[in-house]
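# please find the sequence and the predicted model below.
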Amino acid sequence: MRAIWKGAVSFGLVNVPVRLYSATENHDLSFHQVRKSDGSRIRYKRVAQADGEEVAYKEIAKGYETEDGKSVILTDEDLASLPNRSSKEISVEKFVPIEQIDPILYDKAYYIEPDAMGAKAYGLLREALRESERVAIVTVSVRTRMTMAVLRVIDEAIVLQTLLWPDEVRDVGQLNNLDEVSEPKDSEVAMARMLIDSMAGDFEHEEHEDDYQIAVEALVKSKIEGGDVTESPDRDDEEDSGEVVDLLAALQRSVDRAKASRGESGSDDSDDEESGSSGSKGSAAGSAGTRTPAKKSTSAKSTSAKSTSTKSPAKKSTAKKSTASKTPASKTTAKKSAAKKAG
């Protein structure tokens, strides 16, 4: 796994150098839209709603839409002037009983791994959390945005799990029909309890599987084995096309717009990862970000070396084949020449 953040956990006077890794991954299936006749990908363009004209990416800015429908354009300079609290520290504020945090508040989870020099302090914090049956409330800046989070223990690792802000949890009072729910009779409640007891058990995560994904993968495999595969005519151009990124940009602007209507900042983690803009990545990529090019460079050298080694035998083989093919040809010519002289 690649670390997305490098810093330290601080509690009291203890500082634990750590790295942060995404603890989960999404296996949602994605389908491309294609033309049915030949499998050619359907692309999207950025167009202005006012006149339908295509808009260059450099001409696109962020817009904040007010409740009365007015739009305020925010430039890069405007966004740069906003408070940007960037920190390399996961600061523990307090330790609270875990049952005081409603699971609806939990958002993204990250594994925390210690640097070699912080292993002892890491173990101390892990055991203190485990034995106290409490979680640590912390603040952390991941990709320039400060957020609340908790530290808790899963197996042998400390996990940082970000929390939603209070205004990100919708009020149940917005539901329409709760007032129509009547109080059940005692006999009905007793019968419901009996049903619950008869179905009681322990939660085993491994017992559950994504049957839809399994079925889709089996279907795709059977089509491939049956030769039902279409080579898209624009497959070679896929890597060079920027329109996939355009779609992501359009989706991100939709997310930004929805968040802006709630008074939040527009960018989030996915925006930082996909857009690759220096402003969105900020300083929070930290040392983890600076390590990546080194790894890529090494990988590129390795690939280059591997490519060279595989090409050499091919050249030799070609040379041999070429020589072999020339020899019979020269012999045949010599025979013909001798035959003519004899005649």
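Cool, the structure landed. Residues are numbered from 1 along each chain as shown.

# chain neighbours aside, what residue packs nearest to residue 257?
Closest residue to residue 257 apart from its sequence neighbours, by C-beta to C-beta, 6 or more residues apart in numbering: residue 65 at 6.3 Å. All C-beta atoms are positioned from the backbone trio N, CA, C, and that covers glycine.

# contacting residues for the one you found?
Neighbouring residues of residue 65 by C-beta atoms under 8 Å, 6 or more residues apart in numbering: 71-72, 257, 260-261.

# in ChimeraX, select just the buried ones from the residues you listed.
In ChimeraX, a selection of the buried entries from the contacts of residue 65 looks like this (16 or more other C-beta atoms under 10 Å):
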select :260
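
# mind checking how far the residue nearest to residue 257 is from residue 121?
Between residue 65 and residue 121 the computed distance is 47 Å (C-beta to C-beta, to the nearest Å).

# again, but for residue 131
In this view, residue 131 and residue 121 are 16 Å apart by C-beta to C-beta.

# same check on residue 137?
For residue 137, the distance to residue 121 (C-beta to C-beta) stands at 19 Å.

# buried residues of the helix or strand hosting residue 221, list them for me.
Per DSSP states H and E: residue 221 is located in helix 211-225. By 16+ other C-beta under 10 Å, helix 211-225 has no buried positions at all.

# residues in contact with it?
27, 29, 229.

# can we see that at 6 Å?
With contact meaning C-beta atoms under 6 Å, 6 or more residues apart in numbering, helix 211-225 is reached by residue 29.

# now that helix: mean pLDDT?
Taken as a whole, helix 211-225 has a mean pLDDT of 82.

# let me know the secondary structure of the nearest residue to residue 169 once chain neighbours are set aside.
Closest residue to residue 169 apart from its sequence neighbours, by C-beta to C-beta, 6+ apart: residue 104 at 6.1 Å. Using DSSP: H, G, I helix; E, B strand; the rest coil, the structure places residue 104 in helix.

# around residue 104, count how many other residues there are.
Residue 104 has 11 neighbours, counted by other C-beta atoms under 10 Å.

# for residue 15, same thing?
By other C-beta under 10 Å, the burial measure for residue 15, its neighbour count, is 14.

# that one contacts residue 88, doesn't it?
No: contact between residue 15 and residue 88 fails when scored by C-beta atoms under 6 Å: they sit 10.9 Å apart.

# quick one: contacts for the nearest residue to residue 157 once chain neighbours are set aside?
Computed as C-beta to C-beta, 6+ apart, the closest residue to residue 157 that is not its neighbour in sequence is residue 111, at 5.3 Å. By C-beta under 6 Å, 6+ apart, the contact set of residue 111 is 21, 23, 157.

# find the nearest non-adjacent residue to residue 48, please.
Using C-beta to C-beta, 6+ apart, the nearest residue to residue 48 is residue 55, at 5.4 Å.

# please report phi then psi for the one you found.
Dihedral pair for residue 55: phi -110, psi 130, per degrees, to the nearest 10.

# can you check the one 4 residues further on too?
The phi and psi values for residue 59, taken as degrees, to the nearest 10, are phi -90, psi 0.

# got it, and residue 97?
Backbone torsions of residue 97, given as degrees, to the nearest 10, read phi -60, psi 140.

# for the closest residue to it other than its chain neighbours, give me its contacts.
Spatial nearest neighbour of residue 97, excluding adjacent residues (C-beta to C-beta, 6+ apart): residue 134 at 5.8 Å. By C-beta under 6 Å, 6+ apart, the contact set of residue 134 is 95-97.

# can you flag the buried ones in those?
Among these, the ones that count as buried by 16+ other C-beta under 10 Å are residue 95.

# as TSV, the contacts of residue 134 with distance to residue 181 and pLDDT would be great.
Listed next are those as TSV, based on distance: C-beta to C-beta, whole Å; pLDDT from 0 to 100:
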residue	distance to residue 181	pLDDT
95	38	94
96	32	95
97	30	94
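
# for residue 2, state which of the contacts of residue 134 is nearest.
Checking the contacts of residue 134 against residue 2 with C-beta to C-beta, the nearest one is residue 95 at 30.4 Å.

# helix or strand for that closest one, which one?
Using DSSP H and E, residue 95 falls in strand 89-97.

# restricting to C-alpha, output that strand in PDB.
Listed next in PDB are the C-alpha coordinates belonging to strand 89-97 (Å, rounded to 0.1, in the frame of the first residue of the first chain):
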ATOM      1  CA  GLU A  89       0.100  16.300  13.500                       C
ATOM      2  CA  ILE A  90      -2.800  14.200  14.700                       C
ATOM      3  CA  SER A  91      -3.600  16.000  17.900                       C
ATOM      4  CA  VAL A  92      -5.500  14.100  20.600                       C
ATOM      5  CA  GLU A  93      -8.000  16.300  22.400                       C
ATOM      6  CA  LYS A  94      -9.700  13.800  24.700                       C
ATOM      7  CA  PHE A  95     -10.500  10.200  25.300                       C
ATOM      8  CA  VAL A  96     -14.200   9.300  25.300                       C
ATOM      9  CA  PRO A  97     -16.300   6.100  25.700                       C
END
